[in-house]
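>>> Just the structure for this:
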Amino acid sequence: MEGLHGFLNRLQATASAIRESGIREAVVLHHDEADGLTSAALAKLALSRLGLKTRLICLDKLYPEVVEDIETGRPRVVAYVDLGSGHIDWLIKANSARNLILVLDHHDTSSIHDPSLYNLNPELYGFSGEKDASSATVAYFFCKEVDPGLTSYAHLATIGSLELPGETRGLNLIAVNDAKDQGLVRDSGKGDLKIEAKDMTLTRTRASSLLNILGSVGYYRNGPEMGIEACTTGFSKQTMDVAKVLEEERKQANRKMLSTITKDGLSKRKNLQWFHAHDNYKGMGAKVVGSFCSYLRYQRVVNPVKYLIGMMNVPPEIPGWGILPSSMVKVSGRAPQILTNLIEKGTKPPLSKILPESCLKVGGFGDGHSVAASGVFPMGKEEMFLEEIDRLAV
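Numbering: from 1, shown residues only. Now for the predicted structure:
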């Protein structure tokens, strides 16, 4: 069952299942950048409208310890938002409390069936998660199904979908048109959209940038909560001021990292080029190393046919949840442009395959898209990880 009709039918079945379950509590685990924050805000709106008291936990990666803890105890709706798609088997295995598991995501997934699972990934219905639908768009469609009145938040889907490159298409285009029809956004005349929603008047690009900064740079400083509140009540002066301070922090850390790489070059293996930021981004969420890799892939210092790998140290704290057993290393992979073409042609393996497999080999895990993926593994396993991913990257 593919296509828009199948996707809409599954949304309807999911909303009905939640209504009929009698469950009155939900936990939303979500990613820490603009798509993750906008989709979390939308998921909370939908679940609240269904009468559920909702708790939010922001994660850079979907740690098994968090999944196992959240999925035990009394039954709840556990929503995985902008994460979870790559680990459907974990989610089902950990579900000892017989929770209703909801996945609102667009990353590569697997078609696993379980009566407790509602995987609303559009890739299962013939859409591309890399081109047709962001997680915010998936969450927006869920909102629209729960209560058509929630289409007044269509502009949030347009902010979340900005992370997908190229022309707006598929489900993202439907959301943009909904937002335009309601006067929530308009074309700015400069290739951008101007948001003109209640308490939110700024360009889509600026809104996305502010949410990325709050969620990732401000991860340990209440940034995700501030970003989600801004999604529904607008960007207050206090939120804008905090974002500006965090933005300057990130700029300084990025300048320092770029200066080191320009001076010393990237470390190289047969199929890889890599760097380790160590504590350069201390105090910031681990998403920042991925954002830096996305910028770096266009720079002259990068070999256009080798996989680009960046690493940074990550403390064990998870705000709003607790402390992991040990500190970890976050790894982000990006494909420069020529390598991207080779991956799309099938002559080089996708990062969504080789990076998670390499993390798994050294006691970690990962997920992502074909040309952009990330993972974590225990500190001290960097060399083993690099050896494995270089071996697989042929």
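>>> start to end distance for stretch 317-332?
In stretch 317-332, first residue to last residue: 20 Å (C-alpha to C-alpha, to the nearest Å).
>>> Now that stretch: buried residues?
Residues 318-319, 321, 324, 328-332 are the ones in stretch 317-332 that count as buried (16 or more other C-beta atoms under 10 Å). For every residue, glycine as well, the C-beta is placed using N, CA and C.
>>> got it, and stretch 91-111?
So stretch 91-111, judged by 16+ other C-beta under 10 Å, has buried residues 91-92, 94-95, 99-109.
>>> Determine how far it lies from the middle of the whole chain.
16 Å (C-alpha atoms, centre = their mean, to the nearest Å).
>>> ditto for stretch 145-159
Relative to its chain's centre, stretch 145-159 lies at 19 Å (C-alpha atoms, centre = their mean).
>>> And it, what's buried?
In stretch 145-159, counting by 16+ other C-beta under 10 Å, buried: 145-146, 150-159.
>>> and the chain, what are its domains?
3-180, 266-392 (automatic domain parsing).
>>> L173 and M200, how far apart?
The gap separating L173 from M200 is 21 Å, by C-beta to C-beta, to the nearest Å.
>>> who's more crowded, these two?
M200 (18 against 15; other C-beta atoms under 10 Å).
>>> ok, for that one, nearest residue in space, not its chain neighbours?
In this structure, M200 finds its nearest non-sequential neighbour in G234, 4.7 Å apart by C-beta to C-beta, 6 or more residues apart in numbering.
>>> ok, that neighbour touching K198?
Yes - here G234 reaches K198: they are 7.0 Å apart, a contact under C-beta atoms under 8 Å.
>>> Neighbour count for those two, which is higher?
G234 (15 against 12).
>>> Not counting sequence-adjacent ones, nearest residue to R19?
Leaving aside its sequence neighbours, R19 sits nearest to L50 (C-beta to C-beta, 6+ apart; 6.3 Å).
>>> Report pLDDT for the one you found.
The model reports L50 with a pLDDT of 97.
>>> can you check M1 too?
43.
>>> Among the buried residues of stretch 317-332, which ones are in strands?
318, 328-332 (DSSP state E).
>>> other SSEs contacting the worst-scoring helix or strand of the chain on mean pLDDT?
Every helix and strand of the chain was ranked by mean pLDDT, DSSP states H and E. The lowest is strand 365-368, at a mean of 90. Strand 365-368 makes packing contacts with helix 351-361, strand 372-378 when contacts are defined by 3 or more C-beta pairs under 8 Å, 6 or more residues apart in numbering; DSSP states H and E.
>>> For the stretch 151-300 of the chain, which segments count as helices?
154-160, 170-181, 204-212, 223-233, 237-264, 287-296 (DSSP state H, counting those that start in this stretch).
>>> Counting by contacts, list what the first one packs against.
When you say that, I think you mean helix 154-160. helix 34-49, helix 135-146, helix 170-181, strand 185-187, strand 193-197, helix 204-212.
>>> Please save the CA atoms from it in PDB.
The C-alpha coordinates for helix 154-160 follow below in PDB (Å, rounded to 0.1, in the frame of the first residue of the first chain):
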ATOM      1  CA  ALA A 154       1.400  24.700   8.900                       C
ATOM      2  CA  HIS A 155       4.200  27.200   8.900                       C
ATOM      3  CA  LEU A 156       6.100  25.000  11.300                       C
ATOM      4  CA  ALA A 157       6.300  22.300   8.700                       C
ATOM      5  CA  THR A 158       7.800  24.800   6.200                       C
ATOM      6  CA  ILE A 159      10.600  25.600   8.800                       C
ATOM      7  CA  GLY A 160      11.400  22.000   9.500                       C
END
